[in-house]
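**Q** What follows is a predicted protein model with its sequence.
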Amino acid sequence: MNSILKTIFGLIFILIVLLAGGAFFIVNESEQVVITKFGQPIGDPIITPGLKSKLPFIHTANYFDKRFLAWDGEPKQVSTRDKRFININTYARWRISDPLKYAQRLFEESKAQTRLGSILEGATQNAIANHDIIELVRSSNRDYVTQDEENKDQTEKAIIESGRDALTKEILELAQERTSDLGIEVLDFQFKRINYVSEVRKEVYERMISERKRIAEEFRSEGAGESARINGQKDRDLKVITSDAYRRSQEIKGKADAEAADIYATAYNKGPEFYRFMRTMEIYKETLDKGTIMVLSTDGDFLRYLGSMK
């Protein structure tokens, strides 16, 4: 009985020692572990989840993240090949691809972030210095989208040799090459923001304003030319209409005069004496008024007709 109790107590003591010394540990799905002995990595990394064991007090379990990690760069001012100073802001995604090598070279995530930042920033500056700014903002030689279709072909276009996508890929490949011996892998790299520095931005805005004013002046000039053309056409049409109306009115007057003369002639032929009398009376009406004094000859038509009216 005593031997059994001693055995039980011995097993309990051993279990307590193992637990106190950290002989067992749990690895989650998002973790990977490297065992170190007195600070030196030993054995293969543990990348599968579950309950694991190690030597108590001697071995230490070091946990590293298995998930994708983020790196956000600080805004930097760099110069392009065409001597344009710009502000850039970048970001990247990376992961620990070789936990053992990572533990040997970096071990801490903060140190990895710092080392990764220096590599990415150096690769970015080198790549930008070898390209013009147009290649940072465009990825192809497609046509510009503009509402000014008439001046579309006159817009100066730079030839894109690489483009933003190719530049991003170039930086990513260079960073992957430089981080391969650190146990980490750069999965993605992108430009978060690209902008001119304040001095250059002012010049760009002024150039944009000047270009908009030039286009506006072209529209005004075209409008003035079109207005002059419309006014000229209006004056020509007005003269044509006026001339045609005058011609038609003269034709109508001539025709009316001819008809009137024909009527008068017909009337004269039918009653010459009556026609003569009517014409004389019309002349009296047009020439005489209340204050008119006339001296008439005894053989004149005026006196004769007046005398015949008695």
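**A** Structure's in. What do you need?
**Q** Show the low-confidence segments of this structure, by residue range.
**A** Across the chain, the ranges flagged by pLDDT under 70 are 1-23, 57, 139-161, 199-201, 204, 271, 273-274, 288, 294, 296-310.
**Q** hey, where'd the helices end up in it?
**A** Listed in chain order, the helices of the chain (DSSP state H) span 2-20, 99-105, 109-129, 134-137, 163-179, 198-270, 272-287, 301-308.
**Q** which strands and helices sit next to the second one?
**A** I take that to be helix 99-105. On a contact count with 3 or more C-beta pairs under 8 Å, 6 or more residues apart in numbering; DSSP states H and E, helix 99-105 meets strand 31-37, strand 40-46, strand 59-65. In this view, the C-beta of every residue, glycine as well, is placed from N, C-alpha and C.
**Q** Just the CA atoms of the last one, as CSV, please.
**A** The C-alpha atoms that make up strand 59-65 are tabulated as CSV, following Å, rounded to 0.1, in the frame of the first residue of the first chain:
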residue,chain,number,x,y,z
HIS,A,59,13.6,24.4,-23.9
THR,A,60,11.6,27.6,-24.6
ALA,A,61,8.7,27.8,-27.0
ASN,A,62,8.8,31.0,-29.1
TYR,A,63,5.5,31.9,-30.9
PHE,A,64,5.4,33.7,-34.3
ASP,A,65,2.4,34.8,-36.2
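**Q** so how far does stretch 70-79 reach from one end to the other?
**A** 26 Å (C-alpha to C-alpha, to the nearest Å).
**Q** residues of it that come out buried?
**A** 71, 73, 78 (16 or more other C-beta atoms under 10 Å).
**Q** Okay, and which of these map to strands?
**A** The members of these that map onto strands under DSSP state E are 71, 78.
**Q** how about the buried residues of stretch 70-79 in JSON lines, adding distance to Gly291?
**A** Listed next are those as JSON lines, based on distance: C-beta to C-beta, whole Å:
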{"residue": "Trp71", "distance to Gly291": "118"}
{"residue": "Gly73", "distance to Gly291": "113"}
{"residue": "Val78", "distance to Gly291": "108"}
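**Q** of the buried residues of stretch 70-79, closest to Thr179?
**A** The nearest member of the buried residues of stretch 70-79 to Thr179, counting by C-beta to C-beta, is Trp71 at 10.9 Å.
**Q** Next, find the distance separating the closest one from Glu135.
**A** Going from Trp71 to Glu135 by C-beta to C-beta, to the nearest Å gives 24 Å.
**Q** Also Ala112?
**A** 31 Å.
**Q** what's the distance between Glu286 and Thr280?
**A** Per C-beta to C-beta, Glu286 is found 11 Å from Thr280.
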